[in-house]
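1. Sequence first, predicted coordinates after that:
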Amino acid sequence: MDGQDSEDPKSTADMTAFVQNLLQQMQSRFQTMSDSIVSKIDEMGNRIDELEQSINDLKAEIGGDGSPSPLPPSKVKQEETPSGSS
């Protein structure tokens, strides 16, 4: 049993290099995923901005065609007057 239980310096160096390489690959993959996520979030933000602009354009078209807009519910209520008062 000579040397089987003790650490071999070459084996340790190989393992260290392997682990460092593995960590670099993982870091690279995480960076790629992170960049992809950020890109998709930016794209979603741009699409939301475009949607907002489209909604505002539609509001302007509806409000600018001369047709009366419906009254909000608070103005549609009839005034309550006590009956029998003069």
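-> Thanks, I have the structure now. What you see is a predicted model; the values in this text were computed from it and never measured.
2. check contacts around residue 41.
-> With contact set as CB atoms under 8 Å, 6 or more residues apart in numbering, residue 41 has no partners. In this view, the C-beta of every residue, glycine as well, is placed from N, C-alpha and C.
3. ok, it to residue 55 distance?
-> As judged by CB to CB, to the nearest Å, residue 41 and residue 55 stand 21 Å apart.
4. Repeat that for residue 61.
-> From residue 61 across to residue 55, the span is 11 Å (CB to CB).
5. Equivalent analysis for residue 48, please.
-> With distances taken as CB to CB, residue 48 is found 10 Å from residue 55.
6. and residue 60, what helix or strand is that in?
-> Element membership of residue 60, judged by DSSP states H and E, is helix 9-63.
7. Run a quick neighbour tally on residue 53.
-> 10 (other CB atoms under 10 Å).
8. cool, the one 5 residues further on as well?
-> When counting by other CB under 10 Å, one arrives at 10 neighbours for residue 58.
9. Could you pull up the mean pLDDT of the helix holding residue 60?
-> Across helix 9-63, pLDDT averages out at 96.
10. let's number from 681 now, not from 1
-> OK, 681 is where the count begins now, so the last one is helix 689-743.
11. Distance check, residue 708 against residue 697.
-> The spacing between residue 708 and residue 697, counted by CB to CB, is 16 Å.
12. same check, this time on residue 741
-> Distance of residue 741 to residue 697, computed by CB to CB: 66 Å.
13. for residue 742, same thing?
-> Distance, residue 742 to residue 697, using CB to CB: 67 Å.
14. again with residue 739
-> Using CB to CB, residue 739 is found at 63 Å from residue 697.
15. for residue 710, same thing?
-> 20 Å.
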